[in-house]
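> Got a sequence here, can you model it:
(one chain, ligands or ions: 2)
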Amino acid sequence: MSDSEGEDYLFKVVIIGDSAVGKSNLLSRYARNEFNMNSKATIGVEFQTQSIDIDGREIKAQIWDTAGQERFRAVTSAYYRGAVGALIVYDITRRTTFNSVSRWLEELNTHSDTTVAKMLVGNKSDLNNIRDVSVEEGKTLAEENGLFFMETSALDSTNVKIAFDMVIREIYVTVSRKVL
Ligand code: GDP
Ligand code: MG
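Numbers count the residues shown, from 1 in each chain. Ligands and ions are numbered 1, 2, ... in the order given. A predicted model of the protein is given here:
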């Protein structure tokens, strides 16, 4: 039996990672197909709601941006509350941001339960010529922590839609399993 037509899903997804890795631009690229060279332009945006179609059903994701809080190397517990998906972002041209991933994961795990769908995102793949973290390192870290992994570019759009959609799809699959 199929569910009643009016049934709606709304999933909260958070984006975390060091300052200037491209979190706000990944979100604006995904939700509005926009990119800003000036990072300050997007500060203050709380979340964007994006719908995707899965199995002919409209799934809504409310995707949260840190609005600059991460400059203090941590975000508040309110930010994580109710999250069922997370993208942990680093900048492939800055190793320090990659080294911070484990700390972000710890913070995420402290504030949410283990079923959160997580994707490790190595952003700025367009800057391959000044890369500081190899694809292999990203993959390995993701495997060690049970995360999906993808390199993206908010600048040229590479893998942005795929990365967000994959997280939302994974949440949907998890939730559907619980319901059944
Ligand atoms: P946030 O602090 O993590 O939200 O990072 P922002 O989205 O504000 O981006 C920080 C800076 O990196 C800005 O100058 C962006 O234009 C730039 N940026 C973001 N994503 C990319 C990308 O994929 N490629 C390149 N080359 N620059 C990017
Ligand atoms: Mg930002």
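
> what's the spacing between the residue most central in space within the chain and residue 56?
Centroid-nearest residue in the chain: residue 87, 2.4 Å away (criterion: Cα atoms, centre = their mean). To residue 56, residue 87 is 26 Å away according to Cβ to Cβ, to the nearest Å. Yep, even glycine has a C-beta here, placed from its N, CA and C like the rest.

> Doesn't the residue nearest to the centre of the chain lie inside a helix?
No: counting by DSSP: H, G, I helix; E, B strand; the rest coil, one finds residue 87 to be strand, located in no helix.

> Get me the contact residues on the chain for ligand 1.
Applying Cβ under 6 Å from any ligand atom, we find that the chain lies next to ligand 1 at 19-25, 36-37, 39, 42, 123-124, 126-127, 153-155.

> Strands - which of those land there?
Judged by DSSP state E, the residues of the chain next to ligand 1 include residue 123 as members of strands.

> I'd like the distance between residue 12 and residue 81.
8 Å.

> Narrow the residues of the chain next to ligand 1 to just the buried residues.
Buried positions within those, assessed by neighbour count (16 or more other Cβ atoms under 10 Å), are 19, 21-25, 42, 123-124, 126, 153-155.

> Now tabulate those residues in CSV and tack on pLDDT and distance to residue 101.
Listed next are these as CSV, based on pLDDT from 0 to 100; distance: Cβ to Cβ, whole Å:
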residue, pLDDT, distance to residue 101
19, 94, 14
21, 97, 10
22, 96, 14
23, 96, 13
24, 93, 18
25, 95, 18
42, 52, 22
123, 98, 12
124, 98, 15
126, 98, 20
153, 98, 18
154, 98, 18
155, 97, 21
